[in-house]
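**Q** what's the 3D shape of this:
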Amino acid sequence: MRYFLDAEFNGFGGGLISIALVPEDQSTAFYAALHCDAPTQWVRDHVLPVLNTDPLPRCEVTTRLAAYLDGDSQPIVIADWPEDIAHLLLLMVTGAGARMPTPTIVFKLLDLPMFDSTDLSRTPHNALSDASAMKDFILREERSI
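**A** Okay, here's the model as predicted:
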């Protein structure tokens, strides 16, 4: 199944704040937030007010992510920004030389010049809403081809 990925993080190169995987079908999405130490002013103004979920410890987010992906033998993760993929991959690392169990995952980094989550998302800078907007945009584009 395809999953549309978005992540919010604490400025360029900063720590993960929230992450979402929205499946192509109508099944339940994955959405989680982590505590953000020393958020930038922009994050305080635009991301934290729209999290709409309580932050969890990183290990719990990783456990929930593993459980979420467990039933899919061929997940395809689609993103429009490299750091989103990087944060998802880092979330899968559980310790020195250890990672959460996963099937083979295919990642697709798309160049979407006409997609702007600020304009198309119901709640801009909320990873779940932004990932849903990207899914809707891509599916609409695919139907028009």
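**Q** Assign Gln26 to one of the three secondary structure states.
**A** coil (DSSP: H, G, I helix; E, B strand; the rest coil).
**Q** Please disregard the earlier target; I meant Pro124.
**A** Pro124 ends up coil, using three-state DSSP.
**Q** per-residue pLDDT, it?
**A** What the model reports for Pro124 is a pLDDT of 97.
**Q** The protein: strands as residue ranges?
**A** Ranges of strands in the chain, per DSSP state E, are 2-9, 16-23, 30-33, 76-79, 93-95, 98-99, 106-109.
**Q** Out of the ones you listed, the one nearest Asp130 is which?
**A** Closest to Asp130 of those, according to CB to CB: strand 2-9, at 4.2 Å. Where C-beta positions appear, they are placed from N, C-alpha and C, glycine not excepted.
**Q** Give the lowest-confidence helix or strand of this structure, using mean pLDDT as the measure.
**A** helix 117-120 (a mean of 92; mean pLDDT, DSSP states H and E).
**Q** Could you name the helices and strands sitting against that one?
**A** With contacts defined as 3 or more CB pairs under 8 Å, 6 or more residues apart in numbering; DSSP states H and E, helix 117-120 has these neighbours: helix 127-143.
**Q** hmm, back to that, restrict the least confident helix or strand of the chain to CA atoms and write it as CSV.
**A** Output of helix 117-120 as CSV, limited to C-alpha atoms (Å, rounded to 0.1, in the frame of the first residue of the first chain):
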residue,chain,number,x,y,z
SER,A,117,0.5,22.3,1.9
THR,A,118,0.0,25.8,3.3
ASP,A,119,-2.7,26.5,0.7
LEU,A,120,-4.2,23.0,0.4
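**Q** Not counting its own residues, what contacts it?
**A** 6, 124-125, 130, 133-134, 136-137 (CB atoms under 8 Å, 6 or more residues apart in numbering).
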